[in-house]
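> Sequence plus predicted model, see below.
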Amino acid sequence: MALSPVHVEPLGLYSKKVKLDTVPDGAVVAIPADATNQARALFLLAQAGLITLDVKPDQPGLDYSQITPEKNVTGNPKNLSWLKIDRPQLAATLSDPKVTLSIINGNYAIEAGLVPTTDALALESADNNPYANVVAVKATLKDDPRVKKLNEALTSPQIQKFITDTFKGSVLPAK
């Protein structure tokens, strides 16, 4: 049973070649090859205004594993094309001359020396993010005073400040 969201490792949209307002027609976007993160990447591109989708991230009963660019992108004014890459390799695509934009998970952004709050052109929101890490317990322990104390500590303003100050956008406090 999930009690409270604690933090999110957000996806970020990165480029060493362009800014968000100068994405060229026909740009190649490297996105995660796995289905769940691919859907998250598409939602981030929609949040950034580069595409429109026929689904919303907060849509009830949404199966992220079924969302693909081929099936769900309904508007693509920049004629973006997709290069599906394993997540650990996405940061390396920033140096690939064929790739204009890359969507990188927070943990891989850290490893690549990126600072999401300053380097990302767009960053996945922590608000109501379904991929937030949570305090999870057996239902029989949800009212245990120790669990309540842990939950309060992990969702406290002090921990949120620690996450923000320490991880510089690679990890965000969940909201």
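On my side now, so go ahead. Residues are numbered from 1 along each chain as shown.

> for the chain, what spans make up the helices?
For the chain, applying DSSP state H gives helices covering 35-47, 69-72, 106-111, 116-119, 145-154, 157-167.

> who wins for proximity to K84 among those helices?
helix 35-47 (7.0 Å; Cβ to Cβ). Using the backbone N, CA and C atoms, a C-beta is placed for each residue, glycine as well.

> which parts of that closest one are buried?
The neighbour-count check on helix 35-47 (16 or more other Cβ atoms under 10 Å) flags N37, Q38, A39, R40, A41, L42, F43, L44, L45, A46, Q47 as buried.

> same question, stretch 71-84
N72, V73, K78, L80, W82, L83.

> How about A48: what's its closest non-neighbour residue?
A122 (3.9 Å; Cβ to Cβ, 6 or more residues apart in numbering).

> how much space between that neighbour and G113?
19 Å (Cβ to Cβ, to the nearest Å).

> and what of I104?
For I104, the distance to G113 - Cβ to Cβ - is 12 Å.

> Which of those two has more residues huddled nearby?
Ranked by neighbour count (other Cβ atoms under 10 Å), I104 and G113 place I104 first, with 33 against 8.

> hey, where'd the strands end up in the chain?
Secondary structure of the chain (DSSP state E): strands located at 2-8, 11-14, 28-32, 52-53, 73-75, 81-85, 101-105, 122-123, 133-136, 172-173.

> Give me the residues contacting the fifth one.
If I follow you right, that is strand 73-75. L42, I51, T52, L53, D54 (Cβ atoms under 8 Å, 6 or more residues apart in numbering).

> The first one: what's it in contact with?
For L42, the set of contacting residues under the criterion of Cβ under 8 Å, 6+ apart consists of I31, I51, L53, I67, T68, P69, N72, V73.

> 7 Å instead, please
L42 makes contact with I51, L53, I67, P69, N72, V73 under the criterion Cβ atoms under 7 Å, 6 or more residues apart in numbering.
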